[in-house]
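Chemist: fold the following.
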Amino acid sequence: SSSSSSPNIYFALVSNGTGVKGVYRSSDNGSSWTSVSAAFGGESQVWYNNVIAVHPRNPNIVYALMTSAYRTTNGGTSWSITASGVHVDFHAIAFSRADTNRVVLGSDGGVFTSTNGGSAWVKSLNLPISQFYAGTVDFQNPQRYYGGMQDNGTARTLTGAENNWTGIYGGDGFYVLIDPVNITYVYAESQNGGLARSTTGGTSFVGATSGISGTDRKNWSTPIAMSLINTATLYTGTHRVYKSTNRMVNWTAISSDLTRGNGGRIGTITTIDAARTDSNVVYIGTDDGKVQVTTNGGTTWNDVTGTLPNRWVTRVTVDPDSANVCYVTISGYLEYDFQAHIYKTTNYGQTWIPIGGNLPNIPLNDIIVDPATRPRLYVASDAGVLFSTNNGTTWQVLGTGLPTVPVHDLTLHSPTRKLVAHTHGRSAWAVDVTTLTGVASQTGGLPVAITLHQNYPNPFNPETKIRFEIRRGSERTTLRVFDALGREVATMVDENLGTGVYERAFNADGLASGMYWYRLESGGRGLAKKMIIMK
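Modeler: Numbering: from 1, shown residues only. Model prediction:
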């Protein structure tokens with residue numbers, strides 16, 4: 001880097017990939033160099049962040065950005081840490097040419113600005129630039145979004161507003177789960193398998209790695225999955241699979257090494273999914289191209305990799321209604337192979353069918369099966385979200401307004417038809433998939449043609465009444481009831497209805513106590529509300 005006021009003077013921050021070796025200065029356009037400072041102690045992360053910048057008006061003011069930010073005002077003779085209190089791991093700096101006291105820094109914590117030459121810094125709070133690894137939606141309260149972010153921990157919003165996200169767990173944030181039946185149980189994690197559990201709805205956490213060997217190989221983003229047959233059962237993976245039957249109080253290994261071993265790539269499990277229809281069926285995928293399945297609860301595992309490409313397996317997703325059906329997305333990002341890899345099995349992985357159709361050549365990161373509108377599929381890619389209405393024969397971009405950035409994780413809240421995309425660089429976005437033409441909001445600005453009222457009485461046992469209104473001629477109308485796991489338990493209406501006010505009685509005989517959803521769809525619109533059965 002050089003100063004525009006003295007273009008012949010250059011500074012270089014030199015490293016060997018494992019540590020900073022120091023700063024060098026040239027006063028003859030780089031023909032010769034002189035060391036002006038020794039190595040910076042404790043700075044070893046230089047493969048990730050290594051920036052040096054000279055002030056445009058004063059060649060003696062130089063910033064060296066690494067884990068911390070350093071500044072010299074005497075050409076490198078001495079350095080001091082600047083930007084104290086600003087989030088560490090720096091990557092970028094810019095100077096205002098109109099105001100030499102205005103400096104902007106970019107770090108893992110966002111963008112920070114100083115108007116007094118670096119003495120004080122203010123964070124820009126209105127930039128949607130968070131890098132989510134994964135996220136979820138509270139099933140009982142779908143306005144509550146959760147997500148794990150690069151170097152910014154796990155955060156949530158209880159209202160769905162843009163300006164009230166708060167952190168609930170530290171470190172780098174990754175997968176986060178909320179028990180859909182009992183929301184007092186929340187699970188989060190930090191890097192390399194730092195699992196944690198909360199019994200207070202996410203207000204406090206304790207470590208949850210008891211029983212997991214400290215010598216196991218663990219992925220930076222360690223997968224966790226919950227059984228929706230029994231939500232007290234969870235799974236995680238190192239190079240082998242662990243199972244907990246007591247909400248992460250402790251873990252027991254239920255497999256040997258399911259990867260290709262400690263060589264080549266990392267040799268870790270990257271994705272896990274448990275079947276919703278058979279508690280004995282669990283699928284896993286690894287960073288080194290393996291896919292394996294157990295159909296007997298982990299007693300034996302079958303390597304079903306078969307002819308799948310030897311690439312990073314980003315997601316295995318079991319069909320909600322069929323344990324023998326599973327979808328796999330694969331990324332060739334590390335191998336510079338950007339072909340879209342997505343495969344489907346209907347026989348527990350014995351054979352795989354490519355269903356990439358017309359997908360562009362781009363890495364894929366997640367796949368969602370829509371249980372309410374079969375055979376609709378959604379995929380998260382490195383350039384946004386796409387969907388198919390014919391099981392992968394053809395694909396198209398979903399909605400408008402979503403930035404063209406990597407989407408690492410998708411969550412579908414089926415009763416409200418809300419699909420949430422967690423992007424790695426432009427925060428989280430939501431879309432209503434009722435009509436597949438919505439933009440990044442729940443209503444899309446379209447006129448409301450239906451009204452759904454709260455059931456009465458509520459809570460109830462065994463009968464309640466649901467009232468709704470249609471204000472747009474004759475439309476195909478459905479009114480369905482879902483349990484707390486998103487499974488449809490009743491269809492109350494499925495017919496053409498004209499303009500008018502309607503009321504239907506719902507009888508809960510045969511259903512257990514708990515929270516349920518009812519959803520009205522008519523004329524391309526959809527509304528959902530909660531109700532409580534109390535016996």
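Chemist: Val23 reaches Leu13, doesn't it?
Modeler: Yes. Taking contact to mean CB atoms under 8 Å, the distance of 5.7 Å between Val23 and Leu13 places them in contact. (C-beta placed from N, C-alpha, C; glycine too.)
Chemist: list residues touching both of the two?
Modeler: Ile52, Ala64 (CB atoms under 8 Å, 6 or more residues apart in numbering).
Chemist: tally of neighbours for Gln339?
Modeler: Residues within reach of Gln339, counting by other CB atoms under 10 Å, total 16.
Chemist: one more: Gly30?
Modeler: When neighbours are counted by other CB under 10 Å, Gly30 registers 13.
Chemist: how about the contacts made by it?
Modeler: Gly30 sits next to Tyr10 when contact means CB under 8 Å, 6+ apart.
Chemist: can you check Arg97 too?
Modeler: When contacts are counted by CB under 8 Å, 6+ apart, Arg97 is found next to Pro56.
Chemist: that one sits in which helix or strand?
Modeler: Take DSSP states H and E as the rule and Arg97 turns out to sit in neither a helix nor a strand.
Chemist: any idea of the pLDDT on it?
Modeler: If you check Arg97, the pLDDT there is 83.
Chemist: how close does it sit to Arg25?
Modeler: Using CB to CB, to the nearest Å, one gets 23 Å for the distance from Arg97 to Arg25.
Chemist: could you do Ser124 as well?
Modeler: Between Ser124 and Arg25 the distance is 32 Å, computed by CB to CB.
Chemist: more neighbours: these two, which one.
Modeler: Applying other CB under 10 Å to Ser124 and Arg25 shows that Arg25 carries more neighbours, namely 19 against 12.
Chemist: who are the contact partners of the nearest residue to that one once chain neighbours are set aside?
Modeler: Beyond its immediate neighbours in the sequence, the residue positioned closest to Arg25 (CB to CB, 6 or more residues apart in numbering) is Val36, lying 4.7 Å away. Each residue near Val36 by CB under 8 Å, 6+ apart is listed here: Phe11, Gly22, Val23, Tyr24, Arg25, Gly75, Gly76, Thr77.
Chemist: distance of Asp172 from Gly148?
Modeler: Here Asp172 is placed at a distance of 7 Å from Gly148 (CB to CB).
Chemist: apologies, that question was intended for Val407.
Modeler: From Val407 over to Gly148 (counting by CB to CB), the distance is 14 Å.
Chemist: ok, now which ones touch Gln191?
Modeler: Going by CB under 8 Å, 6+ apart, Gln191 touches Gly171, Asp172, Phe174, Trp220, Ser221.
Chemist: got the CA positions of stretch 163-183 in CSV?
Modeler: Coordinates of each C-alpha in stretch 163-183 appear next as CSV, following Å, rounded to 0.1, in the frame of the first residue of the first chain:
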residue,chain,number,x,y,z
ASN,A,163,-33.9,-4.0,14.6
ASN,A,164,-34.3,-6.2,17.6
TRP,A,165,-32.0,-9.2,17.1
THR,A,166,-30.2,-10.1,20.3
GLY,A,167,-27.4,-12.6,20.9
ILE,A,168,-28.2,-15.7,22.9
TYR,A,169,-25.0,-17.8,22.5
GLY,A,170,-21.4,-16.9,21.7
GLY,A,171,-18.5,-17.9,19.5
ASP,A,172,-19.2,-18.6,15.8
GLY,A,173,-22.8,-19.5,15.5
PHE,A,174,-24.1,-22.5,13.5
TYR,A,175,-27.2,-24.8,13.7
VAL,A,176,-29.9,-23.8,16.2
LEU,A,177,-33.0,-25.8,17.1
ILE,A,178,-36.1,-25.1,19.1
ASP,A,179,-38.2,-28.0,20.3
PRO,A,180,-41.5,-27.6,18.4
VAL,A,181,-43.5,-29.3,21.2
ASN,A,182,-41.8,-27.6,24.2
ILE,A,183,-40.1,-24.3,23.3
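Chemist: just the pLDDT at the spatially most central residue of the chain, thanks.
Modeler: Centrality entry for the chain: nearest residue to the mean C-alpha point is Ala134, 1.8 Å, by CA atoms, centre = their mean. The model reports Ala134 with a pLDDT of 98.
Chemist: Ser441 too?
Modeler: If you check Ser441, the pLDDT there is 34.
Chemist: buried ones among the contacts of Gln191?
Modeler: Gly171, Asp172, Phe174, Ser221 (16 or more other CB atoms under 10 Å).
Chemist: which one of those sits closest to Asp432?
Modeler: Proximity to Asp432 was ranked across the buried ones among the contacts of Gln191 by CB to CB; first place goes to Phe174, at 27.0 Å.
Chemist: still on that earlier bit, other residues contacting whatever helix or strand the residue nearest to the centre of the chain lives in?
Modeler: When secondary structure is defined using DSSP H and E, the element that contains Ala134 is strand 132-137. Where contact means CB under 8 Å, 6+ apart, the residues beyond strand 132-137 that reach it are 144-150, 172-178, 221, 408-409, 411, 413, 418, 420, 422-424, 427-428.
Chemist: just these: which are in helices?
Modeler: Members of those lying in helices (criterion: DSSP state H): none.
Chemist: which of the residues you listed fall in strands?
Modeler: Members of the contacts of strand 132-137 lying in strands (criterion: DSSP state E): 145-149, 177-178, 408-409, 411, 413, 418, 420, 422-423, 428.
Chemist: out of the residues you listed, which is most surrounded?
Modeler: Highest neighbour count within the ones in strands among the contacts of strand 132-137: Gly147, with 31 neighbours (other CB under 10 Å).
Chemist: assess the claim that that one and Thr154 are in contact.
Modeler: Yes. Using CB under 8 Å, Gly147 is in contact with Thr154, at 7.1 Å.
Chemist: need the residues touching each of the two.
Modeler: In terms of CB under 8 Å, 6+ apart, Gly147 and Thr154 are both contacted by the residues Gly173, Val176.
Chemist: off-centre distance for the strand holding Ala134?
Modeler: If you compare the mean C-alpha spot of strand 132-137 with that of the full chain, they lie 3 Å apart, counting by CA atoms, centre = their mean, to the nearest Å.
Chemist: strands along the stretch 151-300 of the chain, start to end?
Modeler: Assigned by DSSP state E, counting those that start in this stretch, the stretch 151-300 of the chain shows strands spanning 153-157, 166-169, 177-178, 186-190, 194-198, 206-207, 224-226, 234-237, 241-244, 252-253, 269-274, 282-286, 291-294.
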